[in-house]
Structure formats: C-alpha cells, structure tokens
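# 3D, please:
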Amino acid sequence: MGQLIKVGITGQGGFMGSHLYNFLGTKTEEIERISFQRNYFENEAELQNFVKSCDVIVHIAAMNRHEDQQVIYDTNVDLVHKLVSACEATNSTPKIIFSSSTQEERDNLYGKSKRDGRQHLENWATNHGGKVASLIIPNVFGSFGKPFYNSFIATFSHQIVQGEQPTVINDSTVNLIYINELSEAFYNEIVKQDSENIQSYVVPHTSSRKVSEILGLLKDFKTQYVDNGQVPKVDLNSFELDLFNTFTSFIPKDYFPRKFTKHSDDRGAFVEIMRAGSAGQSSYSTTVPGVTRGNHYHTRKIERFAVISGKASIRLRKIDSDEVFEYILDGAEPAYVDMPIWYTHNIKNIGDTELITLFWINEPYNPEDADTYFVKV
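Below you'll find the predicted structure:
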C-alpha cells in the first residue's frame, strides 16, 4: 500500500458532503478521511489544524437557499475567504477541489457567489503555488436529500411518501447527475496525478428528464412498492434504479417489517415472497441459534430479507449514524424487511430452532464488483 491521500470535506455533514465522505470510506486502500466539523469555520485554530492535516480539501460547504439572496452570497464568499485565510496562516497548499454550480453563469447571487468564490481560490493558487480544481455541477439528486432544499426530487419523494400532492411549477427538462456518480467524479479528481494548478470543468450530466416524467415515476413507485410490496422495473445501472433508491430513502423505518399473506388449508400453507419487475438473484440461508450473519452495507443494491422459519432480529444502522433500528421477525407469521442502501445490516437467530431466511437481490453476485462493504451494525 502506498501513502494514503489525506482528504477533508467542508460541508461533511450535508447532502453532498456526507455522500462523498461515505463514498471515500469505500476507498480505504487509497484515502484517509480527515474529519471536518461545521464549527471549524467559527474557530480559526480548528480550521487551521484542519487545512494543515489535508493533502486535498473538497470545499462543498455552502448555503443553497435563504429568503434573502444577499445572505447566500455573503455566506458562501465568506466561507471561501476563511478557508483561504487558514491556508495562508499555516503556509499550507493542499489541493482544493471546489464545488461550483451550473448557475455560475446565471444572473443570481447564488451563482455569483460560486463564481466569485472560485476566482478567489484561483487567485490564492496563483499567488501561493496551490492547486484548485473547480467542478461545475449540474442538478444533483440522491438518497437522504433534504426536502425543499437540496432538490425537487427530494421534495417530491418526501411529499408522495407523506401522502401529499406535489406541484409542478415549471415542467422543463432538467439535466441531472446521481449523487453516487458525482462522488465518483470528486474521487477521480482527488486521485488525479499531474493536473494543472488551476482548472475548471463542467461535470457532465448523466440523465435528462422532464419534471412531470420524474413525478410520474415517483408516483408509480409509491403504488407498486409502498402500497403493494412490489419492486418496480428498474434496470441495472439505470436512472430508474437511482431514482428508486432515492425514493425509498424517504420511507419511514416503521414501514417494516411487512407481513406476508399466508394462505393455509389442509395441505399446509402458501406464501408469495417476492414480486418484482426486475430480474435478480434468490437464495436462502439457515442459521443456528445465537449466530449473527451480515454486518455489511450496499451502495446500490435492492435487497429483501424474508424470514419463513425461526425467530430473527434484523438490525440496521446508517453508516454515519449511531441510531440502530431493530426488527423482530417470526416465521410463524412470515414477514420481510428490505435493506436500504448505505445502511449496514445483520440478522441474528434469536430463537431455539434453526432460522431459515430467503433473500432476493436485484443483481447477481459478482465477486469483481460485489458492492458489499463490511461494517458492524
């Protein structure tokens, strides 16, 4: 293993920052993450220690919305100035990757704050021998976005799950990038060798959809998945799969476990386990009493655990949270729990008999691209 690249992310606790932080956590062979706290911008010593500790800083911290546009401009430019001042005070020259926006060219103060912030960073790089790469980013969507703040898709998903009716104000075609794809773009810039000292480029969008088309898909997910337990047709590596994983992140955790309908007669019983519009892989496991399986998470896979015999505790935890959710399932009343992406999960036999669990996952297991990362719940 070579020397690790030390990477810090301002805005680590926000939508983009937290996703990037978690994404880099899957690259531990190359990257060491340097933790950032929001209050560092109010504490010169902490901010200076942070910049000294980093080989690369991804500057994502920014204000997106406020009723007073001038507050947005002043806040975002001030954050850049504080970051530059910390570098100058410590004679530090980390590579800075700046999260800019396609709104740079628009006549609004948010776009102007991005444009002026980028210029200030480039001036610093010119005068101090630093490196700045500005990524001009299209509209971003993904799981765990903040409704009414990060994207209209987060707002629509939240409203539909809550039984509200979203409103399309402007049914335009929107260029989009999924948050995992954006994290990959940041990662590629982090590990890039021999780049120019100052560069700026547009991160290409990966999909274009009308707002009404996206709303229609989200409503269909609600009908098929939430109301009827059916996984809709979402092909691998598709916009629809990314949108579905975004949508399901807004479903409350008390939605699970879901009991199956058990049809019993003199012959025994029949239970339908899975109905899906997508192909996938089915499997089962047996687990002896007291044993725990799992303790891993996925970043893209849709996965269902169905307990058909024995008693189980299924526990899951979002990998950047301490909150643990537990579901108790009993094969006497067959039920299932679907595993959300970015949640590490396990299953334990808490009964006195063998536990039998059926699994369905939307893609066949590929050891070269397993999308499985081991972290204890």
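
# strands of the stretch 201-350 of the chain, residue ranges please.
Taking DSSP state E, counting those that start in this stretch as the test, the strands found in the stretch 201-350 of the chain are 207-210, 258-259, 262-265, 268-271, 281-287, 292-297, 303-309, 311-318, 324-330, 335-339, 343-349.

# make JSON lines from these and add mean pLDDT and distance to Pro232 to it.
In this view, the C-beta of every residue, glycine as well, is placed from N, C-alpha and C. As requested, the strands of the stretch 201-350 of the chain are exported to JSON lines (pLDDT from 0 to 100; distance: least, Cβ to Cβ, whole Å):
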{"stretch": "strand 207-210", "mean pLDDT": "98", "distance to Pro232": "16"}
{"stretch": "strand 258-259", "mean pLDDT": "95", "distance to Pro232": "16"}
{"stretch": "strand 262-265", "mean pLDDT": "91", "distance to Pro232": "25"}
{"stretch": "strand 268-271", "mean pLDDT": "90", "distance to Pro232": "21"}
{"stretch": "strand 281-287", "mean pLDDT": "95", "distance to Pro232": "18"}
{"stretch": "strand 292-297", "mean pLDDT": "97", "distance to Pro232": "22"}
{"stretch": "strand 303-309", "mean pLDDT": "96", "distance to Pro232": "14"}
{"stretch": "strand 311-318", "mean pLDDT": "98", "distance to Pro232": "22"}
{"stretch": "strand 324-330", "mean pLDDT": "98", "distance to Pro232": "23"}
{"stretch": "strand 335-339", "mean pLDDT": "97", "distance to Pro232": "13"}
{"stretch": "strand 343-349", "mean pLDDT": "98", "distance to Pro232": "20"}
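
# let me see the ranges of the helices in the protein.
15-24, 44-53, 69-90, 109-128, 152-161, 179-191, 211-221, 239-248 (DSSP state H).

# so which of those gets nearest Met339?
Of all the helices of the chain, it is helix 239-248 that lies closest to Met339, at 10.0 Å by Cβ to Cβ.

# just how off-centre is that closest one within its chain?
Its chain's C-alpha centre and that of helix 239-248 lie 11 Å apart, by Cα atoms, centre = their mean, to the nearest Å.

# what angle do it and helix 179-191 make?
Inter-element angle recorded for helix 239-248 and helix 179-191: 100 degrees (by axes from the mean of the first three to the mean of the last three Cα atoms, to 10 degrees).

# which other helices and strands contact helix 239-248?
In terms of contacts (3 or more Cβ pairs under 8 Å, 6 or more residues apart in numbering; DSSP states H and E), helix 239-248 is packed against strand 139-141, helix 152-161, strand 173-178, helix 211-221.

# which one of the ones you listed lies closest to Asp352?
For the helices and strands packed on helix 239-248, distance to Asp352 was read as Cβ to Cβ. The smallest value, 38.0 Å, belongs to helix 152-161.

# ok so, going back, between the helices and strands packed on helix 239-248, which one is nearest to Gln199?
Nearest of the helices and strands packed on helix 239-248 (Cβ to Cβ): strand 173-178, 19.0 Å.

# for that closest one, the averaged confidence score.
Strand 173-178 carries an average pLDDT of 97.

# quick one: strands adjacent to it?
Strand 173-178 has its sheet partners listed here by DSSP bridges as strand 139-141 (parallel), strand 207-210 (antiparallel).

# who's in contact with that strand?
Identification of contacts with strand 173-178 by Cβ atoms under 8 Å, 6 or more residues apart in numbering yields 102, 137-142, 152, 185, 203-211, 214, 239, 242, 246.

# in CSV, list the helices and strands packed on helix 239-248 along with distance to Asp265 and mean neighbour count.
Below are those laid out as CSV (distance: least, Cβ to Cβ, whole Å; neighbours: other Cβ atoms under 10 Å):
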stretch, distance to Asp265, mean neighbour count
strand 139-141, 47, 21
helix 152-161, 37, 22
strand 173-178, 47, 18
helix 211-221, 34, 17
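
# neighbours of the nearest residue to Phe41 once chain neighbours are set aside, just the number please.
Residue nearest to Phe41 in three dimensions, not counting chain neighbours: Lys82, with 5.5 Å by Cβ to Cβ, 6 or more residues apart in numbering. For Lys82, the tally of surrounding residues (other Cβ atoms under 10 Å) stands at 17.

# cool, Glu29 as well?
Glu29 sits with 8 neighbouring residues when counted by other Cβ under 10 Å.

# against Val191, how distant is it?
11 Å (Cβ to Cβ, to the nearest Å).

# try Leu24
10 Å.

# what are the bridge partners for the closest residue to Leu4 other than its chain neighbours, then?
With sequence-adjacent residues excluded and distances taken as Cβ to Cβ, 6+ apart, Leu4 is closest to Glu32, at 4.2 Å. Glu32 has these beta-bridge partners by DSSP bridges: Lys6.
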